[in-house]
Structures are given as C-alpha cells and as structure tokens.
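Novice: Structural data only, the sequence is not supplied:
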C-alpha cells in the first residue's frame, strides 16, 4: 500500500520532470510536434475531402497551433528548425489557411498539396528525405468527417 507521503513525493517528482525532450533533452520534443503536425494535417485533409468547411476550419487552426509550437525549437540535429519552419512551412500554410478562410475548397486543396510539398522540401533539406508526406484518403480515426452539425 502506498502511503500519502510516497504518493505526494511521486506526484511532485512527476511534475518536476520535463514533459518533452529534444536531441539535447533541454527543449521541445520535435518528434512529438511532427506527430501533431501530421495528425492535424491528415484530419484537415479528410475534412477537405469531405467538404466539411467547419471541421476544416477547426483542424486548420489546430495545424496553425502546431506550426507555431515549432518556434520553441531553435535547432535539432544541427538544423535550424525554427528558421526553416518560418521560411518554408509558414508561407505554404498561410496560403492554405487563406483559401480555407475564403471558403474556396478547390483552392484549399491545391494549397494543401503545396503545404505537403513544403514539408517534404524541409525533410530533404534536413537529410530526412526518406520521410515523405503524401495525401492519404483512408480514415484511421474513430471520427466521421462527412458530418457537419
């Protein structure tokens, strides 16, 4: 049986531990941020394909939050992540977001492709070209994207 002092000590220790780590264990978890980007991108894509403007707007905002989180990553593996995200990813995202906000689904689809191309260009520039982002129409989530309530 755990006594209350042990439970409090364990809780305090858990709270003191960093929630994320980088390649030097002193910064944000780039892999976790990339997972967030991929998940939000995929859900935005599924929303786009279902012509669900409300859901697309929601996931576009979540995608923006994930992109903004990259500002916390100065560098990773010797590559200037923050600088690359600002120069390569943000302009492509901004074009996509503008099309989404305008309600132009066709243009948003084209801009989404450009967004994925920006991701892939960054992967190539950081010697991670074997990570290739591509549209995937399958839905692995316990969520319907064709319902607009």
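Specialist: That came through fine. Predicted, not measured: the structure shown is a model, and the values here were computed from it.
Novice: Heading C-terminal from the helix or strand harbouring residue 34, find the next helix or strand.
Specialist: Here residue 34, judged by DSSP states H and E, is contained in helix 30-49. Counting by DSSP H and E, the next helix or strand C-terminal to helix 30-49 is helix 53-69.
Novice: roughly how far is the next helix or strand after that following helix from the heart of the chain?
Specialist: Elements were assigned by DSSP H and E; along the chain past helix 53-69, the next helix or strand is helix 81-84. With CA atoms, centre = their mean, to the nearest Å as the basis, helix 81-84 stands 14 Å off its chain's centre.
Novice: Same question for helix 81-84: list its buried residues.
Specialist: Of the residues in helix 81-84, 81, 84 count as buried by neighbour count, 16 or more other CB atoms under 10 Å. Where you see a C-beta, it was placed from the backbone N, CA and C, and this is true even at glycine.
Novice: what comes into contact with it?
Specialist: Here helix 81-84 makes contact (CB atoms under 8 Å, 6 or more residues apart in numbering) with 30, 70, 71, 72, 73, 74, 75, 122, 125, 126.
Novice: And those residues, which two are furthest apart?
Specialist: Taking CB to CB, the two most distant members of these are 72 and 125; they sit 19.9 Å apart.
Novice: Now the spatially most central residue of the chain. Nearest residue, chain neighbours left out?
Specialist: Centroid-nearest residue in the chain: residue 37, 1.3 Å away (criterion: CA atoms, centre = their mean). The spatially closest residue to residue 37, leaving aside those adjacent along the chain, is residue 66, at 4.8 Å (CB to CB, 6 or more residues apart in numbering).
Novice: Equivalent analysis for residue 53, please.
Specialist: residue 103 (6.2 Å).
Novice: which SSE is residue 137 in?
Specialist: With DSSP H and E as criterion, residue 137 is part of no helix or strand.
Novice: going forward, begin numbering at 279 instead of 1
Specialist: Okay, using 279 as the starting number, the last item reads as residue 415.
Novice: Which residue is the nearest non-sequential neighbour of it?
Specialist: residue 327 (6.2 Å).
Novice: Number of residues surrounding the one you found?
Specialist: 17 (other CB atoms under 10 Å).
Novice: how near is it to residue 318?
Specialist: Distance, residue 327 to residue 318, by CB to CB, to the nearest Å: 15 Å.
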